[in-house]
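K.L.:
Turn this into a structure:
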Amino acid sequence: MRIDIHAHFIPESTVDRLPARGGAGPAANMRDSLSNLDIRLADMTERGIDIELISPAPWVINSKVEDVRLVNDEIAAAIAPHKNRLIGLAGVAMQEPEEAARELERSVKELGFRGCEILTNVHSENLHQRKFAPLYKKMVELDVPAFVHPANVLGADRLAPFFLNNLIGNPTDTAVAAGCLIFGGGLAEMPSLKFVLAHGGGTCPLLRGRWEHAWKLSLVEDSVITRPPSEYFRRLYFDTLTHSAPYLSALVEQVGADRVMLGSDYPFGMGDFTPPYSVAGLPHTSEGDKALIESANAIRVFGLDLG
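P.N.:
Okay, the predicted model is just below:
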């Protein structure tokens, strides 16, 4: 079995009622269908994906509370006939943390979703802010993870040319989010929090040694953690979307095969169209570890009941 934990969907019924896509790059980056489930299911079969965990498109996250609730309801209705292949992840409006917590609980208990999607920042506020604790506490209570996706990336003015907002901004903003979750103490305070980072964690796996060095020299003066950042880094999860076999192999070696899951970023052109083949081609990964990446990790981390 192969489970893709990074795929986006907006139901046709909500397209005209939700915020418009903005700053997402060229139209060609929408390679497949964001809203047509017949096309999606056929593509999944062709590309070797048995199950998708689908989350709203990033530009919907952190929009109005009522818009986020609407899209969650419509996603639940749209995927209901395909429960054996499509599983929802809730959008939440994190700018209103108490509402975000309530919406996550509703989505899990009433809609059958198995986690939420959050962005790497909340209208430019970093994820370590204490105000976001209600959502994090609810994640722990419900034992569900948050899938962390970049948007509204830092340095947008300098990243405007050459699609750099995606090519550089996305992986960089993911590293900022990871750094804040680690140094801000959230993972220390709530050890059972589960965050899954998109795009192979962006640049943060490459920066792990740099963070460790700075912490050991007491250069991170405003951090609240009392143990090395590497200990909290080991609690993060990652998708396979790296566009590089050597990098993916290094990621699996660095964080462990039990921390990596398939991610396609369907339907976007910057995705991996056949993530199972990216994993199958890893030269130094055992068949047992490949099975973890393909499905077992997703079943465990998201608490999937596939019976």
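
K.L.:
hey, let's count contacts and neighbours off CA atoms from now on
P.N.:
Noted.

K.L.:
which ones are touching residue 86?
P.N.:
51-54, 79 (Cα atoms under 8 Å, 6 or more residues apart in numbering).

K.L.:
Show me what it bridges to in the sheet.
P.N.:
On the basis of DSSP bridges, residue 86 is bridged to residue 52.

K.L.:
what's the spacing between the residue of the chain most remote from its centre and residue 281?
P.N.:
Taking Cα atoms, centre = their mean as the measure, the residue most remote from the mean C-alpha position of the chain is residue 217, 31.6 Å away. Applying Cα to Cα, to the nearest Å, the value for residue 217 to residue 281 is 39 Å.

K.L.:
now do residue 86
P.N.:
Taking Cα to Cα, one finds residue 86 at 26 Å from residue 281.

K.L.:
same deal with residue 182?
P.N.:
32 Å.

K.L.:
neighbour count winner among the two?
P.N.:
residue 182 (25 against 12; other Cα atoms under 10 Å).

K.L.:
any idea which helix or strand comes after the helix or strand hosting that one?
P.N.:
Using DSSP states H and E, residue 182 falls within helix 170-183. Using DSSP H and E, the helix or strand that follows helix 170-183 in sequence is helix 186-189.

K.L.:
Show me what that next one is packed against.
P.N.:
With contacts taken as 3 or more Cα pairs under 8 Å, 6 or more residues apart in numbering; DSSP states H and E, helix 186-189 sits against no other helix or strand.

K.L.:
got a list of contacts for it?
P.N.:
Contacts of helix 186-189 (Cα under 8 Å, 6+ apart): 128, 181-182, 193, 225, 232, 235.

K.L.:
Output these in JSON lines; the columns should cover pLDDT and secondary structure.
P.N.:
Putting these into JSON lines (pLDDT from 0 to 100; DSSP: H, G, I helix; E, B strand; the rest coil) gives the following:
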{"residue": "128", "pLDDT": "95", "secondary structure": "coil"}
{"residue": "181", "pLDDT": "96", "secondary structure": "helix"}
{"residue": "182", "pLDDT": "96", "secondary structure": "helix"}
{"residue": "193", "pLDDT": "96", "secondary structure": "coil"}
{"residue": "225", "pLDDT": "92", "secondary structure": "coil"}
{"residue": "232", "pLDDT": "94", "secondary structure": "helix"}
{"residue": "235", "pLDDT": "94", "secondary structure": "coil"}
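
K.L.:
Could you provide those in a markdown table, with additional columns for distance to residue 274?
P.N.:
Shown next, in a markdown table, are the contacts of helix 186-189 (distance: Cα to Cα, whole Å):
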| residue | distance to residue 274 |
| --- | --- |
| 128 | 34 |
| 181 | 30 |
| 182 | 31 |
| 193 | 29 |
| 225 | 39 |
| 232 | 31 |
| 235 | 27 |
